[in-house]
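1. Got a sequence here, can you build the structure:
(chains A and B)
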Amino acid sequence: AQSVAQPEDQVNVAEGNPLTVKCTYSVSGNPYLFWYVQYPNRGLQFLLKYITGDNLVKGSYGFEAEFNKSQTSFHLKKPSALVSDSALYFCAVRDRNRGSTLGRLYFGRGTQLTVWP
Amino acid sequence: KAGVTQTPRYLIKTRGQQVTLSCSPISGHRSVSWYQQTPGQGLQFLFEYFSETQRNKGNFPGRFSGRQFSNSRSEMNVSTLELGDSALYLCASSTQETGELFFGEGSRLTVL
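-> Got it, this is the predicted structure:
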């Protein structure tokens, strides 16, 4: 079975400090991994993805994520947080080896990031 | 290029009624998926369509149905609405070349 865990419901950081939003996954094969962000009353916006290659993936708005196969993790990071980064963040996975269809992702429960001034 | 467009953005229905939600994918995207988002259950997959065929379906009752038209536009229908159907319904389109989903702003359904 495919699943994603985001162990922290909330993450609070001060503006200018580095931030990390954690994600671990479970798939039977090799994963495609994604991060999305959601602002209030809006849809999900794509941040970045890991398909293959370099384990450090750079995405939109200065975010990056590191794929760690041995720890089955894909943590989202940013060196210097902004107040405008405050939002709900979702990690998602698709198992490439199961012939999964394109449109079905398995999402974590989300992590509310609050960046205070 | 225009993004994924969902209509209506907000709607209020009463129990027992039915509702139809519409989704226009990004031009050139042939895969359309639907998700339900609630505070309690999070993001749950409803179904996926590709070239007018349902390719995948989540664990929802038969009251939830969908279809896709030849221009890739999609609709989902919920019949005999229940209070628990109140949710944000998100549509996403995708293409094999990039792999990620592009989401619309959602349709927020309130069932009274």
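
2. Show the average pLDDT along stretch B:104-112.
-> Stretch B:104-112 shows a mean pLDDT of 97.

3. what ranges do the strands span in the chain?
-> Here I'm looking at chain A. A:3-5, A:10-14, A:19-21, A:24-26, A:31-38, A:44-50, A:56-58, A:64-68, A:73-78, A:87-95, A:106-107, A:111-116 (DSSP state E).

4. wait, I meant chain B there
-> B:5-7, B:10-13, B:19-24, B:31-38, B:42-50, B:53-57, B:64-68, B:74-78, B:87-94, B:102-103, B:107-111.

5. what packs against the shortest one?
-> Which is strand B:102-103. strand A:44-50, strand B:87-94 (3 or more C-beta pairs under 8 Å, 6 or more residues apart in numbering or on different chains; DSSP states H and E). Placement of C-beta: from N, CA and C, glycine included.

6. any idea how far residue A:90 lies from residue B:17?
-> 30 Å (C-beta to C-beta, to the nearest Å).

7. more crowded one of those two?
-> residue A:90 (26 against 13; other C-beta atoms under 10 Å in any protein chain shown).

8. who's in contact with that one?
-> Applying C-beta atoms under 8 Å, 6 or more residues apart in numbering or on different chains to residue A:90 gives the contacts A:6, A:35, A:36, A:37, A:38, A:44, A:107, A:108, A:110, A:111, B:43.

9. and which of these is nearest to residue A:74?
-> Using C-beta to C-beta, residue A:35 comes nearest to residue A:74 of the contacts of residue A:90, at 7.6 Å.

10. can you list the residues of chain A near chain B?
-> By the rule C-beta under 8 Å from any C-beta of the partner chain, the part of chain A lying against chain B is A:32, A:34, A:36, A:41-46, A:49, A:51, A:90, A:94, A:101-110.

11. Residue A:95 touches residue A:27, doesn't it?
-> Yes. In this structure residue A:95 lies within contact range of residue A:27 using C-beta atoms under 8 Å: 4.0 Å.

12. Of the helices and strands packed on strand B:102-103, flag the one that's most buried.
-> Stretch with highest mean neighbour count among the helices and strands packed on strand B:102-103: strand B:87-94 (a mean of 25; mean count of other C-beta atoms under 10 Å in any protein chain shown).

13. That one - what's its average pLDDT?
-> 96.

14. now the contacts of residue A:90 in CSV, with distance to residue A:77 and pLDDT?
-> Listed next are those as CSV, based on distance: C-beta to C-beta, whole Å; pLDDT from 0 to 100:
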residue, distance to residue A:77, pLDDT
A:6, 14, 97
A:35, 10, 98
A:36, 16, 98
A:37, 14, 97
A:38, 18, 97
A:44, 19, 95
A:107, 19, 96
A:108, 16, 97
A:110, 17, 97
A:111, 13, 98
B:43, 22, 96
